[in-house]
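Participant: Just the structure for this:
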Amino acid sequence: MEDKQRSLSVTSNEALILAVPKGRILKELSPLMTRVGIEPEAAFSDDNARQLRFKTNLPGLDIIRVRSFDVATFVAFGAAHLGVAGNDILMEFDYPELYAPVDLDIGHCRLSVAAPRHLAESDDPSRWSHIRVATKYPEITRRHFAARGVQAECIKLNGAMELAPGLGLCRRIVDLVSTGSTLRANDLVEVETIAEVTSRLVVNRAAFKTRSEELSDLVERFREVADAA
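Facilitator: Numbers count the residues shown, from 1 in each chain. All right, here's what the predicted structure looks like:
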């Protein structure tokens, strides 16, 4: 990419805000941001730093670091102008305020239905009419099962989904799966895949209209890097 360090053409006194997710995805995103030409201040890489908003080398661009499940909400409601979110989150919230122009090809995993091994071996999904499922994704889960005429009773959990079947909370779960090691450790197996998941660059639609020059520049930077990977 030519002239990575070029400044943004700022048309507003307000800095653009890029929302990025904490954790595993950020480790994959950081090298990509470097190739885009975005270098956060030193505190961004300091595990002991308590701040959540950071300056960058680009005048007019700040970064906020939030929970992965919250990125889409920050961008949809205009608290951030753009961000990086998995398409699992975009599917769950389905915010009309979001535009997702670039698949960044990072954060690969899948959203799957899983069940205890002994149940999966004898189960017949074609006979389901009502099931109880523990999941962080109740909207996706209900839509998925409703499409084939199955009523899904969803128990919302934010973590430790794999414990639910063994403790009698439910017989099945819907969760993200990467290597499958956590499922195997809890004697669970994947029954079916609902969606393949990657992280996307998302933009607030209203901001894209009012600050199109600045945001288009950033979108194109990310697109070039993603296409070159």
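
Participant: What are the structural domain limits within this structure?
Facilitator: For the chain, automatic domain parsing gives the domain ranges 16-107+198-228, 109-196.

Participant: ok, R24 - contacts?
Facilitator: By C-beta atoms under 8 Å, 6 or more residues apart in numbering, the contact list for R24 reads G107. Heads up, the C-betas are built off the backbone N, CA and C, glycines and all.

Participant: The protein: strands as residue ranges?
Facilitator: All strands of the chain, identified by DSSP state E, fall at 16-21, 53-55, 61-66, 82-86, 98-103, 109-116, 130-135, 151-156, 172-177, 188-197, 199-204.

Participant: what does the third one rub up against?
Facilitator: The set of residues external to strand 61-66 that reach it, using C-beta under 8 Å, 6+ apart, is 8, 15-22, 26, 38, 40, 44, 52-56, 74, 80, 218.

Participant: now the strands of the chain in a markdown table, with mean pLDDT, mean neighbour count and distance to E214?
Facilitator: Compiled in a markdown table, those are given as follows (pLDDT from 0 to 100; neighbours: other C-beta atoms under 10 Å; distance: least, C-beta to C-beta, whole Å):
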| stretch | mean pLDDT | mean neighbour count | distance to E214 |
| --- | --- | --- | --- |
| strand 16-21 | 98 | 23 | 6 |
| strand 53-55 | 97 | 16 | 16 |
| strand 61-66 | 97 | 20 | 8 |
| strand 82-86 | 98 | 28 | 10 |
| strand 98-103 | 97 | 18 | 14 |
| strand 109-116 | 97 | 21 | 31 |
| strand 130-135 | 96 | 19 | 38 |
| strand 151-156 | 97 | 15 | 37 |
| strand 172-177 | 97 | 23 | 33 |
| strand 188-197 | 96 | 16 | 29 |
| strand 199-204 | 98 | 26 | 11 |
